[in-house]
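[1] no sequence on this one, just coordinates:
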Ligand SMILES: Nc1ncnc2c1ncn2[C@@H]1O[C@H](COP(=O)(O)OP(=O)(O)OP(=O)(O)O)[C@@H](O)[C@H]1O
């Protein structure tokens, strides 16, 4: 301290600006710079205390010579020092105040170039920025900031070492330090002012950004409305889609359950199919085996059928090629008054007739036939005895069935039927087609052709077309002695029972009938239905041709009772020729007079040689018919004795074979 310090007149005085920013934009209080550690100044600045201690006498000595010129000057110096001290103290006190909470967004501070690290770090700290919209300058600082005593929050400082008044060097250093601090504060405040100047720009930028943001906000609001509308539509759509989805799910669930059921069924069906396939394979094998057996059986059946045919026809031969059945009809209710003959039915094949007329000599006559049918025998029973002949026709024989008798004796009833009872002809048709069906199972195919002929007064008529009159009986060939056919006759190929019945009805409606003494609807012509049966067995290449002649003869009538003599004569003559032919056959005469009548000529193939003939002798039961009945019975009895062996129609004309093929 021996060396006197220099007057610090050359030290520039730091600018003392108020701590509180006067700018209208500045809000808040800046912190005073901290005293750097190690600067030699500890805690509170001792300078202020030193200045305080300079009051009184010692103050004068401490006054700079420049300042001590006058009292006023001293007083100003004192005041300036005091103010300077107060400033420092204010700075300290202000620095000790807590910074109010920022109400504005921070404004980036300009970097203050300072040499002190502490100041630099403080400058880096974001300055407090006033809130947007707040009126800077007009808005007062927080009341507590103003009313708070300056050193209220300052810690109690430890006593500071006092600088001797004469220690100018120390005082100078303290002032330097003070200057340095103030300088730093000044620089900071300059930076802050620069920052504040930027606030307007930032404000404008913020305004621009605000407008931009508002525009964007408006745009976004519009977009938002659009989006809300779109969203609503999409929500509706989503709702619909959700409903659809629910329905689809329900349908899917239903379909899944159905699918499961179907899968279950499928499995069952598959198992069933496999089972059936096994069964089918088994049955196929079985079938093949059975086919072989069937073929063998067919062979056996064919052989058996052939044998049966042979045996059947041998039996028929034994019974006689011409068989005679006698049938006595019952009296009708309208005929109860008429006197009957005496009838005795001795057995199945014999009867006895006696006259009951007291004027006539009572003579009992016995007749035997192949079968006798008394009046109560039904049509069924009669046909049971006829059907074997139909079987022979199927086997390839010519068959002729006719009814002979007095007018009114029951010929038409026997052949055609009456009173709802079917006769031989319709029953033959039924049996024929049933047999054809059965024969089909063993390989035989049949074709049936039918002709319907009427002989009236020795003239031939086509019962299917009465307008045709040029019918002639002709020989099939010159070599054939018995084969005949009728020229120009209508021949129908029939395929069913109904079809044949239809043509039979047509023929019946065209037949000539008239009233006679014995029958109010008497047949005055001979009606011949001829059925040709063409059989073929393709497997065995066998063929057969059979013929069935079903003849309903005109009734014989006594010329004494006849009202149409010429007609009766013709009828009786043809019947007489029939008996002559049969008697010639019976007597085995060389010449058989077939051609003496149209009837015998037509029936030539079916009466002699290769044929089987069945003759019904119909008789009326009445006494007034006794003579005619006896006549018929005698003729029938004589016919019955004719036994001709017939040969099967094994070979026939080529034209007939051609017919079968067609
Ligand atoms: N067995 C019978 N049972 C019941 N009625 C019968 C029998 N036979 C014939 N008749 C009846 O007697 C009547 C005369 O019979 P049917 O017409 O058959 O005689 P017919 O011999 O054909 O006569 P014609 O030669 O004149 O034609 C008919 O009314 C018929 O119904």
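    Cool, got the structure. Predicted model, so just to flag it, every value in this text is computed and none were measured.
[2] name the nearest residue to the closest residue to the ligand within the stretch 501-650 of the chain, sequence neighbours excluded.
    Across the stretch 501-650 of the chain, the shortest distance to the ligand (C-beta to the nearest ligand atom) belongs to residue 555, at 2.3 Å. The way it works is simple: take the backbone N, C-alpha and C, and place the C-beta from them, glycine included. Nearest non-adjacent residue to residue 555, counting by C-beta to C-beta, 6 or more residues apart in numbering: residue 407, 2.8 Å away.
[3] if I look at that neighbour, how far off is the ligand?
    4 Å (C-beta to the nearest ligand atom, to the nearest Å).
[4] what is the burial count for that residue?
    Applying other C-beta atoms under 10 Å, we find 25 residues neighbouring residue 407.
[5] tell me where the stretch 101-250 of the chain has helices.
    117-124, 143-147, 168-319 (DSSP state H, counting those that start in this stretch).
[6] and residue 441, how many neighbours?
    Counted with other C-beta under 10 Å, residue 441 comes out at 9.
[7] what pLDDT does it get?
    Reported pLDDT at residue 441 in the predicted model: 84.
[8] quick one: average pLDDT of stretch 580-597?
    Here the average pLDDT along stretch 580-597 is 84.
[9] which outside residues touch it?
    322, 458, 573-574, 577-578, 600-601, 603-604, 607-608, 635, 638-639, 641-642, 644 (C-beta atoms under 8 Å, 6 or more residues apart in numbering).
[10] span of it from start to end?
    With C-alpha to C-alpha, to the nearest Å as the measure, stretch 580-597 spans 11 Å from end to end.
[11] count the neighbours of residue 254 for me.
    10.
[12] still on that earlier bit, from memory the residue of the stretch 501-650 of the chain closest to the ligand sits against residue 571, does it?
    Yes. Counting by C-beta atoms under 8 Å, residue 555 touches residue 571, with 7.3 Å between them.
[13] can you give me the strands for the stretch 501-650 of the chain?
    Listed in chain order, the strands of the stretch 501-650 of the chain (DSSP state E, counting those that start in this stretch) span 513-514, 522-523, 526-537, 542-552, 611-619.
[14] what about residue 440, helix or strand, and which?
    helix 424-441 (DSSP states H and E).
[15] what about the helix or strand that that helix is followed by and the ligand, touching?
    Proceeding N to C from helix 424-441, the next assigned helix or strand is strand 444-456, under DSSP H and E. No. Strand 444-456 lies apart from the ligand when judged by C-beta under 6 Å from any ligand atom; the minimum separation is 12.8 Å.
[16] give the buried residues for strand 444-456.
    444, 446-448, 450-456 (16 or more other C-beta atoms under 10 Å).
[17] now do that strand and helix 168-319, the angle between them.
    Orientation check (axes from the mean of the first three to the mean of the last three C-alpha atoms, to 10 degrees): strand 444-456 against helix 168-319 gives 50 degrees.
[18] next SSE downstream of strand 444-456?
    Next element after strand 444-456 (DSSP H and E): strand 459-462.
[19] paired strands for whatever helix or strand comes next after that following strand, with orientation please.
    Note on strand 459-462: by DSSP H and E, the next helix or strand toward the C-terminus is strand 473-475. Note on strand 473-475: by DSSP bridges, its sheet partners are strand 484-486 (antiparallel).
[20] which outside residues touch the strand it pairs with?
    451, 453, 460, 471-476, 601-602, 604-605.
[21] Throw the residues you listed into TSV and include pLDDT, thanks.
    Output for the contacts of strand 484-486, formatted as TSV (pLDDT from 0 to 100):
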residue	pLDDT
451	93
453	90
460	89
471	87
472	87
473	87
474	86
475	82
476	79
601	90
602	88
604	85
605	82
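[22] lovely, talk soon.
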